[in-house]
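Peer 1: Please find the sequence and the predicted model below.
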Amino acid sequence: MIRKMTENDKELYITMAEEFYNSDAVLHPIPRDHFEKTANEALRSDEYAEIYLLEYEGETAGYGLTARTFSQEAGGQVLWIEELYIRKEFRSKGLGREFFSSLEDKNRGEIVRLRLEVEADNTRAISLYERLGYEVLDYVQMVKDFQ
């Protein structure tokens, strides 16, 4: 089951986000207050960020985080899949596929593209994304932080 995070789920989400950011799926950990800011924004409104909890047989198995943007290149709204984390014991149970299907169903007619990032050595995730129809964009991503 996929459901939106509630206020009661906030600490559980933060715990899982910390697990994710201390895994091989990301380049480096980030401060806990970033998770708190993200949770607060998602709870405030779904304008910029949404957090979904993935459940399997009554247990919380992971989370997905999305963010909205507008893209001239794509010609409309784009939903960024910022993060998808599934706890190790719940992997290979169809939760990733269910999450993507849920996003497509919920946003059909509103968005023109789903977009995500993945570490180049995360072959398991890349394999899933390719099976779901995602293709690689040959961009170099650059950032400039203001903190």
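Peer 2: Nice, thanks for sending it over.

Peer 1: in the protein, which residue is closest to the centre?
Peer 2: Glu83 (2.6 Å; Cα atoms, centre = their mean).

Peer 1: buried sites along the helix or strand where Ala17 lies?
Peer 2: Assigned by DSSP states H and E, Ala17 falls within helix 10-21. Within helix 10-21, the residues that count as buried by 16 or more other Cβ atoms under 10 Å are Lys10, Tyr13, Ile14, Met16, Ala17, Phe20, Tyr21. C-beta coordinates here come from the backbone N, C-alpha and C atoms, glycine included.

Peer 1: ok so, going back, show me what the particular helix or strand that has the residue nearest to the centre of the chain in it is packed up against.
Peer 2: Assessed by DSSP H and E, Glu83 sits inside strand 76-86. Secondary-structure packing of strand 76-86 (3 or more Cβ pairs under 8 Å, 6 or more residues apart in numbering; DSSP states H and E): helix 10-21, strand 59-71, helix 95-107, strand 113-116.
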